[in-house]
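**Student:** compute the structure for the input listed below.
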Amino acid sequence: MTEQQTTSATAARGPGAHSAAEMRADVPADVPAVVPAGGSADRPAGRRAVVRDALGVGVAVGLSGFAFGVTAAGAGISVAQACVLSLLVFTGASQFALVGALAAGGNPFTAAAGAFFLGTRNAFYGLRLSQLLALPRAVRPLAAHWVIDETAAVSLAQKDRSSARLGFTVTGLSLYLLWNLTTLLGALGAEAVGDTARWGLDAAGPAVFLALLAPMLRTATERAVAALALVLGLGFLPVLPAGVPVLVAALAAPVILFLKGRRP
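**Tutor:** Residues are numbered from 1 along each chain as shown. Predicted coordinates for the structure are as follows:
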């Protein structure tokens, strides 16, 4: 191509419309090409980071299934019943609340009501995640079973829908598998040990529950709700049937929100 033809072709493309070869011609060979953010160069790294974080959450929380298995066995629940709870309920706070109330001699219906009340928060997660993930209708009923604190936290922390879906799936799958496996191992171990209270294992459930709850109390309002719930729960523990103080403690949230709304 002659110099005149080259000039004409460049002019036809418009100002600034140079080819990649032309743009790299004046750049030293040891300077790497720049790929726009979000391009193919950093997308695999971003996906690996999502998988790493999701697995970290799934493994860390999944191991607490040991505590649930031990607590369930201490409450007189069989290994099979503990495993069915983890398979079908799959929300740690509700499971701990249920077996804790039963261990204290509470009415099964009252214990179930307290567990159900704690589990209703997942419905609010579902409202947000349904918009974020936009999953096909066919898989939504299955995905709903994995809508819990951890999957919601990992999904909502992502910057785009693809990463949110990946985080939700990896967190849900790893946590579900590990939680159920450790529930089985914990229940079998506690059954072999015998009297879990003698070894202090009956405190494992409340300890894990507090460890999961504490990092979530970030604002003054949340800490006030937790403090009032603690006072109500402990205050009514000696005078109400087992399981009922949990329901009374739940009144802390509307009371604090009411008082906050009246404050000038």
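
**Student:** give the contact list for N180.
**Tutor:** By Cβ atoms under 8 Å, 6 or more residues apart in numbering, N180 lies in contact with 65, 83, 86-87. Using the backbone N, CA and C atoms, a C-beta is placed for each residue, glycine as well.

**Student:** helices and strands of this protein: which one has the lowest mean pLDDT?
**Tutor:** The helix or strand of the chain with the poorest confidence is helix 20-25; it has a mean of 43 (mean pLDDT, DSSP states H and E).

**Student:** would you mark the buried spots in the very next helix or strand once past that one?
**Tutor:** Following helix 20-25 in sequence order, the next helix or strand is helix 43-62 (DSSP states H and E). Using 16 or more other Cβ atoms under 10 Å as the test for burial, helix 43-62 gives 46, 50-51, 53-55, 57-58, 61-62.

**Student:** tabulate those residues (JSON lines), appending distance to L132 and pLDDT.
**Tutor:** Output for the buried residues of helix 43-62, formatted as JSON lines (distance: Cβ to Cβ, whole Å; pLDDT from 0 to 100):
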{"residue": "G46", "distance to L132": "17", "pLDDT": "83"}
{"residue": "V50", "distance to L132": "14", "pLDDT": "93"}
{"residue": "V51", "distance to L132": "18", "pLDDT": "93"}
{"residue": "D53", "distance to L132": "16", "pLDDT": "90"}
{"residue": "A54", "distance to L132": "15", "pLDDT": "91"}
{"residue": "L55", "distance to L132": "20", "pLDDT": "93"}
{"residue": "V57", "distance to L132": "17", "pLDDT": "88"}
{"residue": "G58", "distance to L132": "19", "pLDDT": "89"}
{"residue": "V61", "distance to L132": "21", "pLDDT": "85"}
{"residue": "G62", "distance to L132": "23", "pLDDT": "88"}
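
**Student:** now do stretch 69-80, average pLDDT.
**Tutor:** The pLDDT scores in stretch 69-80 average 88.

**Student:** does G92 touch F68 like I think?
**Tutor:** Yes. In this structure, G92 is within contact of F68 by Cβ atoms under 8 Å, at 6.7 Å.

**Student:** nearest to A113 among the buried residues of helix 43-62?
**Tutor:** Nearest to A113 among the buried residues of helix 43-62, counting by Cβ to Cβ, is V61 at 25.0 Å.

**Student:** Y176 versus that closest one, what's the distance?
**Tutor:** Distance, V61 to Y176, by Cβ to Cβ, to the nearest Å: 11 Å.

**Student:** before we move on, the earlier item: among the buried residues of helix 43-62, which pair sits farthest apart?
**Tutor:** G46 and G62 (24.0 Å).

**Student:** distance of I77 relative to L259?
**Tutor:** 39 Å.

**Student:** now do A226
**Tutor:** Between A226 and L259 the computed distance is 15 Å (Cβ to Cβ).

**Student:** so for the two, which residue has more residues nearby?
**Tutor:** Regarding A226 and L259, a neighbour count based on other Cβ atoms under 10 Å identifies A226 as having more, with 19 against 12.

**Student:** pLDDT score for that one?
**Tutor:** At A226, pLDDT is 90.

**Student:** figure out the helix or strand that it lives in.
**Tutor:** Counting by DSSP H and E, A226 is found in helix 220-236.

**Student:** now swap in A101 and tell me
**Tutor:** Assigned by DSSP H and E, A101 falls in helix 92-103.

**Student:** from the contact counts, what lies against that helix?
**Tutor:** If you count contacts as 3 or more Cβ pairs under 8 Å, 6 or more residues apart in numbering; DSSP states H and E, helix 92-103 packs onto helix 65-74, helix 79-88, helix 108-119, helix 204-213.
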